[in-house]
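A.B. asks: Give me a 3D structure for the following:
(2 chains)
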Amino acid sequence: MNKYIQLVIRIIVGGLFIYASIDKISDPATFAKQINNYHIIPFGLENTIALVLPWLEIIIGICLIIGVYVEGASGWILLLLISFIIFMVQAIMRGYNIECGCGLKEGQMIGLKKILENTIMSISMFWLMIQPKIYFTLFPKTGLEE
Amino acid sequence: MKIVQKIWTQGFILLILSIFIGVTINLSRKDSVPWLDQPLPEVNELELILQPVYEPFIKNISIEIAEQLVEKNIPFVDARDDEYYREGHIPNAVSSSDFLRLTEYLDISVGLFDPFVVYCSDDDCGSSEELAIQLQAEGYMNIYVFKGGWKEWNKAGLPIVMDSNE
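C.D. replies: Numbering: from 1, shown residues only, chains lettered A, B, ... in the order given. The predicted model follows:
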């Protein structure tokens, strides 16, 4: 049963990350402006983030689904989700009513719903990270390696 | 302990791979993005703004220039939410809430080469630049951003239009 839960979580979260990255990859300039709206990134680094982050998202999404470097990919997803939550909370506290720039749906604003979604995904990623064995991987370990 | 080391190692490899792909793809793009965000250049000559241009750019304008452009009936685009637009906006401004309608309006009123101005609530909002980039991707060449936006316009006591007045 556990292995099927793992697989479902990997497909849902990995699929969301792949889908979210597509718009950002095709239009990094707009994504950079969306990052800029949070007013938290210093030295004009939002462009650098907008150029690298979507590729990281698509790679970790693919890795999670196909079962390559699952621990590293889920670690990155957990780190990113926690960062997104912090970004949104600080923006809400400073009174910014801005687009989340999540890449899932155009015009989606930051808010409690997005924070809750990210929290649920974070918990599932943490659960995945601490699993003693990852199932359905592209290069399964031999009994000897385990 | 072993799992932590595994996460670090795999995470590092994934990051290096992402940086490599991001750099390579950006270098090969026609519309490559600079690695560091640069502020928009400002234009202060009205004559320069009123000329049609055939090279795409986005530039910043001051409130003095914005005021003169309103007097010259240059279209403005309000990048704020529709409810704020209805509460009050700069004369000549149209709402950007319906993007298709906005592009239809711009096609008729300015075409691709004549100037128009985009603004949002204040110099902190960012959605005016975001919209300007989207419009530039649609082919509009001559786009100005009024960074001071609604807040600066309102503070200066300049004329405004409310939906009930229209």
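A.B. asks: Mind picking out the helix or strand in chain A with the poorest mean pLDDT?
C.D. replies: Lowest by mean pLDDT, DSSP states H and E among the helices and strands of chain A is helix A:28-36, with a mean of 88.
A.B. asks: where's the residue in chain B that chain A sits nearest to, which helix or strand?
C.D. replies: Proximity of chain B to chain A (C-beta to the nearest C-beta) peaks at residue B:10, 2.4 Å away. For glycine as for every other residue, the C-beta is placed from the backbone atoms N, C-alpha and C. Taking DSSP states H and E as the criterion, residue B:10 maps to helix B:2-28.
A.B. asks: Can you name the element that comes right after that helix?
C.D. replies: On the C-terminal side of helix B:2-28, the closest following helix or strand by DSSP H and E is helix B:46-50.
A.B. asks: Now that following helix: buried residues?
C.D. replies: The neighbour-count check on helix B:46-50 (16 or more other C-beta atoms under 10 Å in any protein chain shown) flags residue B:49 as buried.
A.B. asks: Return the list of helices and strands in contact with it.
C.D. replies: Helices and strands touching helix B:46-50, as assessed by 3 or more C-beta pairs under 8 Å, 6 or more residues apart in numbering or on different chains; DSSP states H and E, comprise helix B:63-71.
A.B. asks: Residues of chain A that sit close to chain B?
C.D. replies: When proximity is defined by C-beta under 8 Å from any C-beta of the partner chain, chain A lies next to chain B at A:25, A:27-30, A:32-34, A:36-37, A:39, A:43-48, A:50-56, A:59-60, A:63, A:69, A:71-73, A:75-76, A:96-99, A:129-130.
A.B. asks: So which of these belong to helices?
C.D. replies: With helices defined by DSSP state H, the entries of the residues of chain A next to chain B inside them are A:25, A:28-30, A:32-34, A:36, A:46-48, A:50-56, A:59-60, A:63, A:71-73, A:75-76, A:129.
A.B. asks: ok, residues contacting the least confident helix or strand in chain B by mean pLDDT?
C.D. replies: Lowest by mean pLDDT, DSSP H and E among the helices and strands of chain B is helix B:46-50, with a mean of 84. Applying C-beta atoms under 8 Å, 6 or more residues apart in numbering or on different chains, the external contacts of helix B:46-50 come out as B:43, B:61, B:65, B:68-69, B:72, B:74, B:115, B:144.
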